[in-house]
Structure formats: structure tokens, C-alpha cells
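# sequence first, predicted model second:
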Amino acid sequence: MSQSNQRTYNFNAGPSALPLEVLEKAQLELVNFQGSGMSIMEMSHRSETYEEIHNEAISLLRKLFAIPNDYEVLFLQGGASLQFTMIPMNFLQIDKKASYIMTGVWSEKAYKEAKLFGEPVVNASTKENQYRNIPSLEDIHIDLDDTYVHITSNNTIYGTQWTEFPDTGEVPLIADMSSDIMSKPLDVSKFDMIYAGAQKNLGPSGVTVVIARKEFLAKANTDIPTILKYSTHADSNSLYNTPPTFGIYMLGEVLKWIEKNGGLTAIAKQNEEKANLIYDVIDNSKDFYTGHASKESRSLMNITFRVTDEELEKQFLSEAKEAGFIGLTGHRSVGGCRASTYNSVPLDTCNALSEFMIAFQTKHQ
Ligand SMILES: Cc1ncc(COP(=O)(O)O)c(C=O)c1O
């Protein structure tokens, strides 16, 4: 029995909406997973049943994201934030450099951690412009001494997204893709490492996906704690210690849903359609609504905007809440409004928001 009529319009930035049919299937399987007499949460991570779920999630990720064979796919814990630390801990040393391209608070946090292990350098930054845009590729200079170049592919807080990536040549490129992983097809081979917390596009919080070229992982430092070495997890198929089993099951179910919906090409088309519904309202509003991000850097995942004056903006957020729209308040560091339209946010939900925005403008301008 579907509970769709009790669902809100969920625009949360993360954790965020999950496909209703995935939630309903999980509910059906919650107490007695496929006749096993127990929940996945009660099952050994060494059991055949769990290993099947685990391996299926990895192979679906490989298939849907077209991940080359010379890459590892890891399920870790600690969120993307632990990756900010693990990357420099594994690859930097006190006198080694790495380039960080600053496109927001999450890049700043990654850079800060790298300072503990080596010599990160700010390669390009759009901070002066309140992170309204992605730097142009000409402003990024690749230094062959760099151990790696780090970027944030989608900036959740500001609503900006890279559409073209820098060609870093021999220097490994690492991307935090927490808020746009698998939102569109991607040439994974351009990156030596991609990482993302699952809780926006791929499933519930608690699972961090790391995709990394094996050759790059082989260059890691060895004098670090066992659990913080990528090789520990690669050598044990991400089963070195107890993984977040239920989260990985959910991630696998979200991947099955993506596959059923036509894979990443179809998902990308839907994401564009959804975001454009809202951007069109902003662009046709004669500045009643104004976008935070520069048009050429706009994200298809997080749409950031302001309402013409502050009082009206408060009223917009409060009326939206009353009408069942959740998660529209912008991040505290930029204020305003933000609609996150990740993979699992339905087209109807975006349509409802665009209609609400038009009606609100008509009533108040
Ligand atoms: C782009 C980006 N990177 C990193 C993080 C931090 O992720 P986590 O909470 O999984 O550590 C976030 C969280 O929203 C994010 O949006």
C-alpha cells in the first residue's frame, strides 16, 4: 500500500529525499529479509546473504557509472569529511604540495585538513565573489610538483557546479562529488579519485563511496593507522571491519531504481528538466527572485535564490512550509533559499514548487 499521499515536498540538502518505492520495498523487507527470518540489520556482515547484497551494490555502481576495471570501489564510513583527512594522510608528506581549488566551505574544510599533513596550495578561488561561480579553466595552473589537485564538483551551499573539468595531465585529479555523484554520466577515467557521502544522490547517510584508480592508491603512505589506509579497505572488499550494512543495502536499492529508470542518461535528463522548472521561474520573475550563483556556474542539484526583500523572503519560507515544502531555507552561511533537486526528488515535486513560486509572486509583487 503506497503512502505517497502522506509525503511532503522534500527539498532537503542532505540527508535528502529517497525514492518512495525504495523506502516501501525496504519496509516490506525490514523484519524478514527474503525469508531469512531476520532483518538485514540483524545479520552477520560475513553471511552469504549480506555478502551478496554488498557485492551486488558494488557491481551495480561499477556498471551504472561505467567505472573502469583498474579502479577500486570502496564503501567507507566517516562521511566525506573523513575523506578530507584520509586523502592528505595517505598521499601527502610534510614537504609535499597539493593544489586545492576553492569553490566553497567544503573545499576550505578539505584544504584545512591537508595543512596537517603537507603543503596544500590554493590554486584558484572564487571566495571574493561569495563563491558565486566556478573558476574558469584558464585560471587553474597545474604544477607538476603537485601530488594531486582537489576540487569540489558541486557546491551544495552556493548552488554552483563544474560542467567542464581541468585537464591536470600527469597530476592526479581528486573530486569531492558528495552532492552530484551519479547525477549524470561521467568519464571516471579523468579522475584518480572520486568520493561522496551517499546521503544526497545515493542513499542514506553512513556510507561513503570512494572510487579510486588502483595505481594511484599504490602510491599511498604506509606509516599510517590501518583503518585509515585505503589499501586496508581495498584488500578486504570494504569488509575489513563491520560496514554500515543497512545503508549499503539501501544504496544498492537506490542503484536498482536508477537502473530501472533508464540509468544515468535518463537521470541526467530528468535532473535538467527539474532544475530548469525552478530556474525558469527565477529568470522570468523580473528580479522578484534572484539566483545566488552566476548563470554559467549554476548547479542542477542545488538551486539557491533570494526573494526581493528580506521580510517577503521570511514570508515566502513560512508560507512554503505551510504548503508542505520542506528544506527550502538556505544554508546559514549564505542565507536566502535553496531547493535541492537530487536524483530522487520527483519531477512533480519540482513542478509544485515552481507553481508555488509563481503564485507567491503574483500575490505579493
Ligand atoms: C560537497 C560536500 N562535501 C562534503 C560534505 C560533508 O559530508 P559529510 O557530512 O558526509 O561528512 C558535504 C555535506 O553536505 C557536501 O555537500
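That came through, no problem.

# tell me who's in contact with the closest residue to the ligand within the stretch 251-365 of the chain.
In the stretch 251-365 of the chain, the residue that lies nearest the ligand is residue 302 (8.5 Å; Cβ to the nearest ligand atom). C-beta coordinates here come from the backbone N, C-alpha and C atoms, glycine included. Residue 302 makes contact with 13, 154, 155, 156, 157, 158, 159, 179, 338, 339, 340, 341, according to Cβ atoms under 8 Å, 6 or more residues apart in numbering.

# so which of these also contact the ligand?
156, 179 (Cβ under 6 Å from any ligand atom).

# residues contacting the residue of the stretch 101-250 of the chain found nearest the ligand?
With Cβ to the nearest ligand atom as the measure, residue 197 is the residue of the stretch 101-250 of the chain nearest to the ligand, at 2.9 Å. Going by Cβ under 8 Å, 6+ apart, residue 197 touches 14, 79, 80, 178, 205, 207, 208.

# run the last query once more with 10 Å
Contact analysis of residue 197 by Cβ atoms under 10 Å, 6 or more residues apart in numbering lists 14-15, 76, 78-83, 176-179, 181, 203, 205-209.

# looking at the residues you listed, which are in strands?
76, 176, 208, 209 (DSSP state E).

# the ligand contacts on the protein?
Those residues of the chain that sit near the ligand, judged by Cβ under 6 Å from any ligand atom, are 14, 79, 80, 81, 106, 152, 156, 176, 178, 179, 197.

# ok, the second one touching residue 178?
Which is residue 79. Yes - shown here, residue 79 and residue 178 form a contact pair, counting by Cβ atoms under 10 Å, at 8.4 Å.

# what's the local residue count around residue 218?
Per other Cβ atoms under 10 Å, the neighbour tally for residue 218 reads 10.

# which ones are touching it?
Residues in contact with residue 218 (Cβ under 10 Å, 6+ apart) are 230, 231, 234.

# got phi/psi on the second one?
Listed backbone geometry of residue 231 is phi -60, psi -30, with angles given as degrees, to the nearest 10.

# that one is in contact with residue 216, isn't it?
No - judged on Cβ under 10 Å, residue 231 makes no contact with residue 216 at a distance of 11.4 Å.

# could you check stretch 254-270 and say which residues are buried?
The neighbour-count check on stretch 254-270 (16 or more other Cβ atoms under 10 Å) flags 254, 255, 256, 257, 258, 263, 264, 267, 268, 270 as buried.

# any idea of the mean pLDDT in it?
Averaging pLDDT along stretch 254-270 yields 98.

# how far away from the center of its chain is that stretch?
Its chain's C-alpha centre and that of stretch 254-270 lie 16 Å apart, by Cα atoms, centre = their mean, to the nearest Å.

# now the terminal residues of it, how far apart.
16 Å (Cα to Cα, to the nearest Å).

# can you show me the helices along the stretch 51-200 of the chain?
Shown for the stretch 51-200 of the chain, the helices assigned by DSSP state H, counting those that start in this stretch span residues 79-91, 105-114.

# how about those in JSON lines, adding mean pLDDT and mean neighbour count?
JSON lines is the format used below for the helices of the stretch 51-200 of the chain (pLDDT from 0 to 100; neighbours: other Cβ atoms under 10 Å):
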{"stretch": "helix 79-91", "mean pLDDT": "98", "mean neighbour count": "22"}
{"stretch": "helix 105-114", "mean pLDDT": "98", "mean neighbour count": "20"}
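
# want to try JSON lines for these, with distance to residue 30 as columns?
Shown next, in JSON lines, are the helices of the stretch 51-200 of the chain (distance: least, Cβ to Cβ, whole Å):
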{"stretch": "helix 79-91", "distance to residue 30": "25"}
{"stretch": "helix 105-114", "distance to residue 30": "33"}
